[in-house]
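In: please find the sequence and the predicted model below.
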Amino acid sequence: MKVSMKGILVVVAALAMAIGLPGPSMSASELNGTYIKQDNKSEYISFSIDGKFFLKQQKKPYDMEQPYVTIEGTYAFNGDMVVLRLPNGGEAVGKIQGDVFIDNQGKTWLKQGGTVVNPGMKFKGQSNL
């Protein structure tokens, strides 16, 4: 029985999809840009091609004198997941779907100039966004 390399690759890819292994990573040039939080347009995250991010986010609890905090760090890819490496050594994870960044709390951030292809996007096991 003759087995082709192409046939093996098709089977491996199908198995990876079936068991949920991460798909191919996106590139920094695809991610590059600024994403605006959809439920608070004053919050945004910018990803640069050199693997760095800049986040402006509202403080929790809210502070009238200084309502926003800024965070700079680096990012890496794990399939379609983006791992944000924070200055304190912590990590946060988000997911990219088209022009939308979905943070680990299910909040959507739309890329400037981008469009929402599927507004019902969600992480596996998440009930709503």
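Out: Alright, I've got the coordinates. Residues are numbered from 1 along each chain as shown.
In: burial measure for residue 68, as a count.
Out: Applying other Cβ atoms under 10 Å, we find 13 residues neighbouring residue 68. For the C-beta atoms, the positions are set from N, CA and C on the backbone; glycine is no exception.
In: identify the residues contacting it.
Out: Residue 68 makes contacts with 42, 43, 56, 57, 58, 59, as judged by Cβ atoms under 8 Å, 6 or more residues apart in numbering.
In: now swap in residue 40 and tell me
Out: Each residue near residue 40 by Cβ under 8 Å, 6+ apart is listed here: residue 58.
In: what's the helix or strand for it?
Out: For residue 40, there is no host helix or strand (DSSP states H and E).
In: equivalent analysis for residue 29, please.
Out: Per DSSP H and E, residue 29 falls inside helix 28-31.
In: check which residues of that helix are buried.
Out: 28, 31 (16 or more other Cβ atoms under 10 Å).
In: next SSE downstream of that helix?
Out: Following helix 28-31 in sequence order, the next helix or strand is strand 33-37 (DSSP H and E).
In: partner strands of that following strand, parallel or antiparallel?
Out: Taking DSSP bridges as the criterion, strand 33-37 forms sheet pairs with strand 44-47 (antiparallel), strand 108-111 (antiparallel).
In: can I get those strands in CSV with mean pLDDT, distance to residue 29 and mean neighbour count?
Out: Conversion of the strands paired with strand 33-37 to CSV gives the following (pLDDT from 0 to 100; distance: least, Cβ to Cβ, whole Å; neighbours: other Cβ atoms under 10 Å):
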stretch, mean pLDDT, distance to residue 29, mean neighbour count
strand 44-47, 98, 10, 19
strand 108-111, 96, 13, 20
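In: closest one to residue 69 among the ones you listed?
Out: Nearest to residue 69, of all these, is strand 44-47, at 12.5 Å by Cβ to Cβ.
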